[in-house]
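Visitor: got a structure for you, letters missing:
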Ligand code: LAC
(Lines give C-alpha, C1' and ligand atoms only; values in the text may rest on other atoms or scores of the structure.)
Protein backbone atom coordinates (compact mmCIF):
# COMPACT_ATOMS: atom_id res chain seq x y z
CA UNK A 1 0.00 0.00 0.00
CA UNK A 2 1.43 3.39 -0.99
CA UNK A 3 1.05 5.79 1.93
CA UNK A 4 3.67 8.43 1.31
CA UNK A 5 4.72 10.14 -1.92
CA UNK A 6 7.43 12.78 -2.19
CA UNK A 7 8.06 15.06 -5.13
CA UNK A 8 11.48 16.66 -5.51
CA UNK A 9 11.13 19.95 -7.37
CA UNK A 10 8.04 22.12 -7.02
CA UNK A 11 7.99 23.76 -10.44
CA UNK A 12 5.16 23.33 -12.92
CA UNK A 13 5.52 19.55 -13.35
CA UNK A 14 5.96 18.85 -9.62
CA UNK A 15 3.08 21.03 -8.50
CA UNK A 16 0.70 19.76 -11.19
CA UNK A 17 1.60 16.19 -10.32
CA UNK A 18 0.84 16.95 -6.67
CA UNK A 19 -2.55 18.30 -7.70
CA UNK A 20 -3.36 15.09 -9.60
CA UNK A 21 -2.34 13.02 -6.59
CA UNK A 22 -4.61 14.81 -4.10
CA UNK A 23 -7.42 14.83 -6.67
CA UNK A 24 -7.29 11.15 -7.56
CA UNK A 25 -5.43 9.14 -4.93
CA UNK A 26 -7.31 9.79 -1.67
CA UNK A 27 -5.65 6.89 0.15
CA UNK A 28 -2.24 8.56 0.07
CA UNK A 29 -1.70 9.80 3.62
CA UNK A 30 1.36 11.99 3.12
CA UNK A 31 2.38 14.11 0.18
CA UNK A 32 5.69 15.96 0.44
CA UNK A 33 6.98 18.65 -1.90
CA UNK A 34 10.64 19.57 -1.71
CA UNK A 35 12.31 22.48 -3.44
CA UNK A 36 15.64 24.01 -2.57
CA UNK A 37 14.58 27.38 -4.02
CA UNK A 38 13.55 29.52 -1.05
CA UNK A 39 10.07 28.86 0.23
CA UNK A 40 8.61 27.80 -3.12
CA UNK A 41 7.54 24.35 -1.91
CA UNK A 42 5.87 25.82 1.18
CA UNK A 43 3.84 28.23 -0.93
CA UNK A 44 2.82 25.52 -3.40
CA UNK A 45 1.84 23.18 -0.53
CA UNK A 46 -0.42 25.82 1.06
CA UNK A 47 -2.10 26.58 -2.26
CA UNK A 48 -2.68 22.84 -2.86
CA UNK A 49 -4.02 22.44 0.68
CA UNK A 50 -6.61 25.11 0.05
CA UNK A 51 -8.31 22.88 -2.55
CA UNK A 52 -9.34 20.61 0.35
CA UNK A 53 -12.68 22.42 0.72
CA UNK A 54 -13.52 21.51 -2.89
CA UNK A 55 -11.89 18.10 -3.19
CA UNK A 56 -12.35 16.71 0.33
CA UNK A 57 -9.08 14.75 0.58
CA UNK A 58 -7.46 13.81 3.91
CA UNK A 59 -3.87 13.77 2.60
CA UNK A 60 -1.39 15.75 4.69
CA UNK A 61 0.63 18.06 2.43
CA UNK A 62 4.08 19.27 3.43
CA UNK A 63 6.21 21.74 1.50
CA UNK A 64 9.80 22.32 2.52
CA UNK A 65 13.38 22.86 1.36
CA UNK A 66 14.48 20.28 3.90
CA UNK A 67 14.96 16.73 2.59
CA UNK A 68 14.33 15.16 6.02
CA UNK A 69 10.59 15.24 5.21
CA UNK A 70 10.94 12.56 2.52
CA UNK A 71 11.79 9.96 5.16
CA UNK A 72 10.28 6.53 4.45
CA UNK A 73 8.48 7.61 1.26
CA UNK A 74 7.02 4.76 -0.79
CA UNK A 75 7.43 6.71 -4.04
CA UNK A 76 9.79 9.60 -4.80
CA UNK A 77 9.40 11.55 -8.04
CA UNK A 78 12.39 13.56 -9.23
CA UNK A 79 11.37 16.61 -11.24
CA UNK A 80 14.14 18.89 -9.94
CA UNK A 81 16.52 20.46 -12.41
CA UNK A 82 16.86 23.17 -14.98
CA UNK A 83 14.32 23.08 -17.83
CA UNK A 84 15.18 23.51 -21.47
CA UNK A 85 15.40 26.98 -22.92
CA UNK A 86 14.79 27.69 -26.60
CA UNK A 87 17.56 26.29 -28.77
CA UNK A 88 18.86 24.00 -26.01
CA UNK A 89 18.85 20.24 -26.41
CA UNK A 90 18.03 17.96 -23.50
CA UNK A 91 21.68 16.89 -23.63
CA UNK A 92 22.82 20.45 -22.90
CA UNK A 93 21.07 20.04 -19.59
CA UNK A 94 22.94 16.89 -18.62
CA UNK A 95 25.85 18.47 -16.79
CA UNK A 96 23.74 20.89 -14.73
CA UNK A 97 21.07 18.36 -13.87
CA UNK A 98 23.40 15.46 -13.17
CA UNK A 99 24.92 17.49 -10.33
CA UNK A 100 21.50 18.26 -8.89
CA UNK A 101 20.34 14.67 -9.17
CA UNK A 102 23.48 13.36 -7.47
CA UNK A 103 22.46 15.19 -4.31
CA UNK A 104 18.83 14.23 -4.65
CA UNK A 105 19.82 10.57 -5.07
CA UNK A 106 22.02 10.65 -1.97
CA UNK A 107 19.08 11.93 0.07
CA UNK A 108 16.71 9.32 -1.32
CA UNK A 109 19.22 6.55 -0.64
CA UNK A 110 19.65 7.69 2.94
CA UNK A 111 16.07 8.62 3.85
CA UNK A 112 13.82 6.52 1.61
CA UNK A 113 15.86 3.40 0.84
CA UNK A 114 12.89 1.28 -0.23
CA UNK A 115 11.20 3.88 -2.45
CA UNK A 116 10.17 3.47 -6.06
CA UNK A 117 11.80 6.38 -7.91
CA UNK A 118 10.16 8.05 -10.91
CA UNK A 119 12.54 10.20 -12.95
CA UNK A 120 11.37 13.20 -14.94
CA UNK A 121 14.47 15.41 -15.01
CA UNK A 122 16.03 15.83 -18.48
CA UNK A 123 17.91 14.45 -20.32
CA UNK A 124 15.61 11.86 -18.82
CA UNK A 125 17.17 8.56 -20.00
CA UNK A 126 20.68 9.64 -19.00
CA UNK A 127 19.47 11.01 -15.68
CA UNK A 128 17.49 7.82 -15.05
CA UNK A 129 20.68 5.81 -15.56
CA UNK A 130 22.60 8.13 -13.22
CA UNK A 131 19.94 7.80 -10.50
CA UNK A 132 20.42 4.03 -10.74
CA UNK A 133 24.16 4.55 -10.40
CA UNK A 134 23.95 7.04 -7.55
CA UNK A 135 21.34 5.17 -5.47
CA UNK A 136 22.48 1.63 -6.35
CA UNK A 137 18.80 0.69 -6.07
CA UNK A 138 17.53 -2.39 -7.86
CA UNK A 139 16.88 -1.19 -11.43
CA UNK A 140 13.28 -2.36 -11.15
CA UNK A 141 12.65 0.49 -8.73
CA UNK A 142 13.78 3.23 -11.14
CA UNK A 143 11.26 4.33 -13.75
CA UNK A 144 11.94 7.04 -16.33
CA UNK A 145 8.85 8.87 -17.53
CA UNK A 146 9.74 10.20 -21.03
CA UNK A 147 8.24 7.70 -23.47
CA UNK A 148 4.98 7.71 -21.50
CA UNK A 149 4.69 11.42 -22.32
CA UNK A 150 5.77 10.94 -25.94
CA UNK A 151 3.19 8.17 -26.36
CA UNK A 152 0.34 10.47 -25.31
CA UNK A 153 1.67 13.04 -27.76
CA UNK A 154 1.65 10.32 -30.43
CA UNK A 155 -1.99 9.43 -29.75
CA UNK A 156 -2.94 13.13 -29.85
CA UNK A 157 -1.20 13.74 -33.16
CA UNK A 158 -2.68 10.59 -34.74
CA UNK A 159 -6.11 11.75 -33.57
CA UNK A 160 -5.57 15.18 -35.16
CA UNK A 161 -4.70 13.55 -38.49
CA UNK A 162 -7.25 10.71 -38.57
CA UNK A 163 -10.08 12.08 -36.36
CA UNK A 164 -10.35 8.61 -34.79
CA UNK A 165 -11.32 8.65 -31.10
CA UNK A 166 -8.16 8.59 -28.95
CA UNK A 167 -9.53 5.59 -27.00
CA UNK A 168 -9.37 3.51 -30.18
CA UNK A 169 -5.76 4.48 -30.88
CA UNK A 170 -3.08 2.31 -29.36
CA UNK A 171 0.51 3.26 -29.86
CA UNK A 172 3.70 4.01 -28.09
CA UNK A 173 7.14 5.43 -28.69
CA UNK A 174 10.25 3.85 -27.24
CA UNK A 175 14.03 4.30 -27.08
CA UNK A 176 15.05 7.80 -26.09
CA UNK A 177 13.00 10.71 -24.82
CA UNK A 178 14.50 13.03 -27.44
CA UNK A 179 14.07 13.85 -31.10
CA UNK A 180 15.77 10.48 -31.73
CA UNK A 181 12.91 8.57 -30.13
CA UNK A 182 11.66 5.50 -32.01
CA UNK A 183 8.19 5.92 -33.51
CA UNK A 184 7.60 2.66 -35.37
CA UNK A 185 4.45 1.98 -37.33
CA UNK A 186 4.43 -1.62 -36.04
CA UNK A 187 3.82 -0.24 -32.54
CA UNK A 188 0.75 1.74 -33.64
CA UNK A 189 -2.67 0.13 -34.04
CA UNK A 190 -6.14 1.54 -34.51
CA UNK A 191 -8.57 -1.02 -33.09
CA UNK A 192 -6.02 -3.66 -34.00
CA UNK A 193 -5.62 -2.45 -37.58
CA UNK A 194 -2.47 -0.86 -39.03
CA UNK A 195 -2.46 2.95 -39.01
CA UNK A 196 -1.88 2.94 -42.78
CA UNK A 197 -5.56 1.95 -43.16
CA UNK A 198 -6.41 5.37 -41.73
CA UNK A 199 -3.80 7.64 -43.29
CA UNK A 200 -1.29 7.71 -46.15
CA UNK A 201 2.38 6.80 -45.73
CA UNK A 202 3.22 10.47 -46.29
CA UNK A 203 0.88 11.45 -43.44
CA UNK A 204 2.38 8.76 -41.21
CA UNK A 205 5.84 10.23 -41.83
CA UNK A 206 4.50 13.67 -40.87
CA UNK A 207 2.98 12.26 -37.68
CA UNK A 208 6.26 10.60 -36.74
CA UNK A 209 8.22 13.79 -37.34
CA UNK A 210 5.75 15.93 -35.40
CA UNK A 211 5.87 13.66 -32.33
CA UNK A 212 9.66 13.74 -32.31
CA UNK A 213 9.73 17.54 -32.35
CA UNK A 214 6.75 18.15 -30.06
CA UNK A 215 8.72 19.00 -26.89
CA UNK A 216 10.92 21.48 -28.78
CA UNK A 217 7.88 22.95 -30.55
CA UNK A 218 6.29 23.71 -27.17
CA UNK A 219 9.52 25.16 -25.73
CA UNK A 220 9.71 27.42 -28.79
CA UNK A 221 6.24 28.82 -28.16
CA UNK A 222 6.46 29.11 -24.38
CA UNK A 223 9.74 31.05 -24.50
CA UNK A 224 10.14 30.39 -20.76
CA UNK A 225 10.12 26.85 -19.34
CA UNK A 226 8.88 23.71 -21.07
CA UNK A 227 5.68 21.67 -21.24
CA UNK A 228 4.02 20.68 -17.99
CA UNK A 229 0.39 19.57 -18.40
CA UNK A 230 1.15 16.41 -20.36
CA UNK A 231 4.44 15.68 -18.51
CA UNK A 232 2.76 15.88 -15.08
CA UNK A 233 -0.07 13.64 -16.23
CA UNK A 234 2.40 11.13 -17.70
CA UNK A 235 4.12 11.08 -14.36
CA UNK A 236 0.82 10.73 -12.52
CA UNK A 237 -0.06 7.71 -14.66
CA UNK A 238 3.12 5.97 -13.52
CA UNK A 239 2.58 6.89 -9.86
CA UNK A 240 -0.99 5.61 -10.09
CA UNK A 241 0.15 2.40 -11.79
CA UNK A 242 2.48 1.72 -8.84
CA UNK A 243 -0.27 2.55 -6.30
CA UNK A 244 -2.93 0.43 -7.99
CA UNK A 245 -0.61 -2.51 -8.69
CA UNK A 246 -2.74 -3.71 -11.60
CA UNK A 247 0.05 -4.60 -14.00
CA UNK A 248 -0.51 -1.76 -16.44
CA UNK A 249 1.98 -1.58 -19.31
CA UNK A 250 3.84 1.66 -20.03
CA UNK A 251 6.94 2.42 -22.10
CA UNK A 252 9.20 3.26 -19.18
CA UNK A 253 12.86 4.17 -19.38
CA UNK A 254 14.55 1.19 -17.72
CA UNK A 255 18.18 0.29 -17.17
CA UNK A 256 18.79 -2.61 -19.55
CA UNK A 257 20.73 -5.69 -18.51
CA UNK A 258 20.69 -7.77 -21.65
CA UNK A 259 17.09 -7.25 -22.71
CA UNK A 260 16.80 -6.68 -26.49
CA UNK A 261 20.47 -7.70 -26.60
CA UNK A 262 21.66 -4.49 -24.90
CA UNK A 263 22.99 -3.42 -21.55
CA UNK A 264 24.62 -0.46 -19.82
CA UNK A 265 22.09 2.24 -20.66
CA UNK A 266 18.53 3.28 -19.95
CA UNK A 267 15.87 3.58 -22.65
CA UNK A 268 12.11 3.49 -22.98
CA UNK A 269 10.84 -0.08 -23.34
CA UNK A 270 7.40 -1.50 -22.57
CA UNK A 271 7.22 -2.55 -18.92
CA UNK A 272 4.59 -4.15 -16.73
CA UNK A 273 4.25 -1.82 -13.73
CA UNK A 274 3.26 -2.90 -10.24
CA UNK A 275 3.78 -1.98 -6.59
CA UNK A 276 7.38 -3.22 -6.88
CA UNK A 277 8.08 -0.91 -9.83
CA UNK A 278 9.03 -2.69 -13.06
CA UNK A 279 7.47 -6.13 -12.73
CA UNK A 280 8.64 -7.22 -16.15
CA UNK A 281 10.25 -5.79 -19.27
CA UNK A 282 8.24 -6.84 -22.32
CA UNK A 283 10.81 -7.89 -24.91
CA UNK A 284 10.28 -8.18 -28.64
CA UNK A 285 12.49 -8.73 -31.64
CA UNK A 286 13.99 -5.41 -32.81
CA UNK A 287 13.95 -4.91 -36.57
CA UNK A 288 17.10 -3.62 -38.28
CA UNK A 289 16.21 0.09 -37.98
CA UNK A 290 15.26 -0.30 -34.31
CA UNK A 291 18.47 -2.20 -33.62
CA UNK A 292 20.42 0.61 -35.25
CA UNK A 293 18.63 3.15 -33.02
CA UNK A 294 19.53 1.13 -29.92
CA UNK A 295 23.17 1.02 -31.06
CA UNK A 296 23.09 4.80 -31.38
CA UNK A 297 21.61 5.14 -27.88
CA UNK A 298 24.42 2.97 -26.56
CA UNK A 299 26.99 5.14 -28.29
CA UNK A 300 25.37 8.34 -27.00
CA UNK A 301 25.57 6.98 -23.44
CA UNK A 302 29.21 5.97 -23.91
CA UNK A 303 30.16 9.36 -25.40
CA UNK A 304 28.33 11.33 -22.70
CA UNK A 305 29.42 9.30 -19.69
CA UNK A 306 33.03 8.79 -20.61
C1 LIG B 1 9.16 17.71 -23.08
C2 LIG B 1 10.11 17.86 -21.95
C3 LIG B 1 9.40 17.78 -20.64
O4 LIG B 1 9.30 16.76 -23.84
O5 LIG B 1 11.10 16.90 -22.04
O6 LIG B 1 8.24 18.53 -23.16
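Guide: Looks like it arrived, so ask away. Everything quoted here is computed from the prediction, not taken from an experiment. Numbers count the residues shown, from 1 in each chain.
Visitor: switch to C-alpha atoms for all contacts and neighbour counts from now on
Guide: Noted.
Visitor: how about whichever residue of the chain sits closest to the ligand, nearest residue that isn't a chain neighbour?
Guide: Distances between the chain and the ligand by C-alpha to the nearest ligand atom are smallest at residue 215, namely 3.8 Å. In space, and not counting its chain neighbours, residue 215 is closest to residue 227: 6.9 Å by C-alpha to C-alpha, 6 or more residues apart in numbering.
Visitor: and what of residue 185?
Guide: residue 195 (7.2 Å).
Visitor: please verify my assumption that that neighbour contacts residue 201.
Guide: No. Applying C-alpha atoms under 8 Å as the test, residue 195 and residue 201 come out as separate, 9.1 Å apart.
Visitor: quick one, which of these two is more surrounded?
Guide: Neighbour totals were compared for residue 195 and residue 201, and residue 195 leads with 22 against 13 (other C-alpha atoms under 10 Å).
Visitor: which residues of the stretch 151-300 of the chain lie near the ligand?
Guide: Applying C-alpha under 6 Å from any ligand atom, one finds that the stretch 151-300 of the chain approaches the ligand through 215, 226, 227, 231.
Visitor: wasn't the first one part of a helix?
Guide: Yes. For residue 215, which was evaluated using DSSP: H, G, I helix; E, B strand; the rest coil, the result is membership in a helix.
Visitor: so where do the helices sit in the protein?
Guide: 12-24, 40-49, 52-55, 94-111, 124-135, 146-162, 201-222, 229-244, 288-305 (DSSP state H).
Visitor: residues contacting the nearest residue to residue 101 once chain neighbours are set aside?
Guide: Of all residues not flanking residue 101 in the chain, residue 131 sits nearest, at 7.0 Å (C-alpha to C-alpha, 6+ apart). Residue 131 makes contacts with 101, 102, 105, 142, as judged by C-alpha atoms under 8 Å, 6 or more residues apart in numbering.
Visitor: distance check, residue 131 against residue 294.
Guide: 21 Å (C-alpha to C-alpha, to the nearest Å).
Visitor: now residue 105
Guide: 27 Å.
Visitor: returning to what we had before: tabulate the contacts of residue 131 (JSON lines), appending neighbour count, distance to the ligand and pLDDT.
Guide: Listed next are the contacts of residue 131 as JSON lines, based on neighbours: other C-alpha atoms under 10 Å; distance: C-alpha to the nearest ligand atom, whole Å; pLDDT from 0 to 100:
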{"residue": "101", "neighbour count": "23", "distance to the ligand": "16", "pLDDT": "98"}
{"residue": "102", "neighbour count": "17", "distance to the ligand": "19", "pLDDT": "98"}
{"residue": "105", "neighbour count": "22", "distance to the ligand": "20", "pLDDT": "98"}
{"residue": "142", "neighbour count": "26", "distance to the ligand": "18", "pLDDT": "98"}
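Visitor: farthest pair in these?
Guide: Using C-alpha to C-alpha, the contacts of residue 131 span at most 14.5 Å, a distance reached by 102 and 142.
Visitor: for the record, mean pLDDT for the longest strand that the chain contains?
Guide: Ranked by number of residues, the top strand in the chain under DSSP state E is strand 263-274. Averaging pLDDT along strand 263-274 gives 98.
Visitor: around residue 225, how many other residues sit close by?
Guide: With other C-alpha under 10 Å as criterion, residue 225 counts 17.
Visitor: apologies, that question was intended for residue 183.
Guide: Residue 183: 23 neighbours (other C-alpha under 10 Å).
Visitor: let's have the chain start at 15 instead
Guide: Fine by me, first position is 15 from now on; the one you just mentioned is residue 197.
Visitor: contacting residues for it?
Guide: Contacts of residue 197 by C-alpha under 8 Å, 6+ apart are 186, 187, 188, 222.
Visitor: of all the residues you listed, which two lie farthest apart?
Guide: 188 and 222 (12.3 Å).
Visitor: of the two, who's got more company?
Guide: residue 188 (25 against 19).
Visitor: state the distance from residue 75 to residue 252.
Guide: From residue 75 over to residue 252 (counting by C-alpha to C-alpha), the distance is 20 Å.
Visitor: higher neighbour count, these two?
Guide: More crowded of residue 75 and residue 252, by other C-alpha under 10 Å: residue 252, with 23 against 20.
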